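[1] sequence and predicted structure are below.
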Amino acid sequence: MESHEGEDVAVPDMSQYVNAAGGVNGDAPTGTQQVVAKLLVTNPTAGSIIGKSGANIEQLQRSSGARIQLSRSGEFFPGTSDRVLLLSGSLHSVLTAIFLILEKVSRDTGAANGGKGKGPKREEGGDVSQVKLALSRRLCGLLIGAKGQTVRDFITDSGSTIRVQSLSELTPSDPERTITVSGARDQVLRAVALILNTLSTHEGYATYMETTLQLASTQGVVLPPRSSAAKSVLASVRASLTLFLSDDDVGAILGRKGQNLADIQQNARVTIRISDRSKMDPSTNEREVTVTGMYGAVKLAEAMIAEKLNQSRARASARSRDGSVHDA
């Protein structure tokens, strides 16, 4: 264990939670892979994390090595009164941030209840902790696994309780599901390590991370006070991006009844124009897709479009493989 300057906290070696957390492809985890964790926290927890004038959140970033972003006061995850806490960095650094946050909240809760939040009756790693994650429906399916086998394996391995939000609790337009992990702190950290490592091995995860981090700024998730990065000199510049895509790719961007297109335009705050089929280039069978808006918004829309295309092509590839198996 190691202690961090300015804190009376002994941080365990995160390798104990990462080791043997094999991914879906059997990849050996190293703890250095880049991950993003989108957590949902209550307002009191958010206050503990921020601290006076943002002092706590800055200390948490320095101690963990993770980047920590928190939605503004009054900006809640849809359908809840929870704020969004975004952690990004290496798997080790994100797990360290989660450990330190759970420790800070535990101590603050203990102090509020008239104690110091620690004492001889408290066994290390024995506190009941809870972490609530928000994840895209597609990646949530990866964690559940065939007939729920993957999530059952995670529960057996970690000893934690893992609850995946039921589809019946969602509307068709909800893009994310919540995953609630509960148990002793060591169990929760192990379960989160299993979840994040498994996600990091998925071929579409890099695009998901990029989109999540870019979309965060439009959803009120910001850098901590006094640590805000300087705005890009291009932030106030209008921009335009033109893509030449196949008709199938255009279909993936449009989605059923144009829902994907509407979501991208609304979330990224851009205008997207798609040329008619009648104007499709006969030599290439491509249609013109033009994205206009502020520079940052256009970059965000580009990442969202790339994610839609990756999803569409992955589904087409899976159908092709299934067809080959049946033909054989």
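    That came through, no problem.
[2] in the stretch 1-150 of the chain, which spans are strands?
    In the stretch 1-150 of the chain, the strands defined using DSSP state E, counting those that start in this stretch lie at 2-3, 10-11, 34-41, 67-71, 83-90, 128-136.
[3] in the stretch 201-328 of the chain, which ranges drop under the pLDDT threshold?
    Across the stretch 201-328 of the chain, the ranges flagged by pLDDT under 70 are 216-232, 235, 318, 320-328.
[4] how about the strands in it?
    221-222, 238-246, 271-274, 286-294.
[5] okay if I get these as a markdown table plus mean neighbour count and distance to residue 153?
    C-beta coordinates here come from the backbone N, C-alpha and C atoms, glycine included. A markdown table is the format used below for the strands of the stretch 201-328 of the chain (neighbours: other C-beta atoms under 10 Å; distance: least, C-beta to C-beta, whole Å):
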| stretch | mean neighbour count | distance to residue 153 |
| --- | --- | --- |
| strand 221-222 | 18 | 31 |
| strand 238-246 | 14 | 39 |
| strand 271-274 | 15 | 41 |
| strand 286-294 | 18 | 41 |
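[6] need phi/psi at residue 192.
    Note on residue 192: backbone dihedrals following degrees, to the nearest 10 are phi -60, psi -40.
[7] wait, isn't it in contact with residue 98?
    Yes - under the criterion of C-beta atoms under 8 Å, residue 192 makes contact with residue 98 at 6.2 Å.
[8] closest one to residue 48 among the strands of the stretch 1-150 of the chain?
    Nearest to residue 48 among the strands of the stretch 1-150 of the chain is strand 34-41 (8.9 Å), distances taken as C-beta to C-beta.
[9] looking at that closest one now, give me its mean pLDDT.
    Average pLDDT, strand 34-41: 94.
[10] so what touches it?
    Contacts of strand 34-41 with the rest of the structure, by C-beta atoms under 8 Å, 6 or more residues apart in numbering, involve 49, 77, 80, 82-91, 94, 98, 131-135, 176, 178, 192, 196-197, 199-200, 208-209, 212-213.
[11] just the buried residues of those residues.
    For the contacts of strand 34-41, a burial check counting by 16 or more other C-beta atoms under 10 Å picks out 49, 77, 82-91, 94, 98, 131-135, 176, 178, 192, 196-197, 199-200, 208-209, 212-213.
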